[in-house]
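In: Take this sequence and fold it.
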Amino acid sequence: MRRLGLPSFLLLLAGCAGSPSAPPQADQEAKRFDRPAPDKGALYVYRSGLLGMARPIDVSLVGGSSAQLGYNTFIRVEGPPGPVEIGCKIGDKTGNGQVQVDNGQTRFVEVTMTMGLWTPGCEVAEVPPDQGQAAVRLARRVEPQ
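Out: Presented below is the predicted three-dimensional model:
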């Protein structure tokens, strides 16, 4: 660990947790932030922040995809316009949020780990597009299940 240095060690830890990485081409395509297909909306769900980075956060979209988001990872999903329920889970602690995605629109949601009195929890929050795009550009895309 001494030779690797702390930043390298932290990157290695982050790579151990979460869903499998998407192919490099899919990662790059998502970072272009193209408009969604006709009659669809796009949603990016990402995780950043160092708190609990070695432990993934389970994320699920009601009626849709799920993933384990490790540190600095994201998913992009497209679907019909309407409200999207997003849930997160760490152990037995859960959090949730809802985002309205309109036709042709792209929304960004950040999932974060929180610390409770005894155990960690998670939160879901919509963020402005510029904040979401900046975080996604620094993250790696994973495959939703």
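In: Quick one: the strands in this protein, in order.
Out: All strands of the chain, identified by DSSP state E, fall at 41-47, 57-61, 66-69, 73-79, 82-90, 93-101, 106-115, 120-127, 140-141.
In: which strands and helices sit next to the fifth one?
Out: Right, strand 82-90. Secondary-structure packing of strand 82-90 (3 or more C-beta pairs under 8 Å, 6 or more residues apart in numbering; DSSP states H and E): strand 41-47, strand 57-61, strand 93-101, strand 106-115, strand 120-127. Yep, even glycine has a C-beta here, placed from its N, CA and C like the rest.
In: among these, which is the most enclosed?
Out: strand 41-47 (a mean of 25; mean count of other C-beta atoms under 10 Å).
In: thinking again about what came up before, can you tell which of the helices and strands packed on strand 82-90 is closest to residue 137?
Out: Taking C-beta to C-beta, strand 41-47 is the member of the helices and strands packed on strand 82-90 nearest to residue 137, at 10.2 Å.
In: relative to strand 93-101, how tilted is that closest one?
Out: 150 degrees (axes from the mean of the first three to the mean of the last three C-alpha atoms, to 10 degrees).
In: want to throw the helices and strands packed on strand 82-90 into a markdown table with mean pLDDT and distance to residue 21?
Out: Below are the helices and strands packed on strand 82-90 laid out as a markdown table (pLDDT from 0 to 100; distance: least, C-beta to C-beta, whole Å):
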| stretch | mean pLDDT | distance to residue 21 |
| --- | --- | --- |
| strand 41-47 | 96 | 14 |
| strand 57-61 | 94 | 16 |
| strand 93-101 | 94 | 25 |
| strand 106-115 | 92 | 18 |
| strand 120-127 | 92 | 21 |
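In: Please convert those to TSV, extending it with distance to residue 136.
Out: TSV is the format used below for the helices and strands packed on strand 82-90 (distance: least, C-beta to C-beta, whole Å):
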stretch	distance to residue 136
strand 41-47	6
strand 57-61	15
strand 93-101	15
strand 106-115	7
strand 120-127	10
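In: Minimum distance to residue 145: which of these has it?
Out: Nearest to residue 145, of these and by C-beta to C-beta, is strand 57-61 at 9.4 Å.
In: That closest one: partners in the sheet, and parallel or antiparallel?
Out: strand 66-69 (antiparallel), strand 82-90 (antiparallel) (DSSP bridges).
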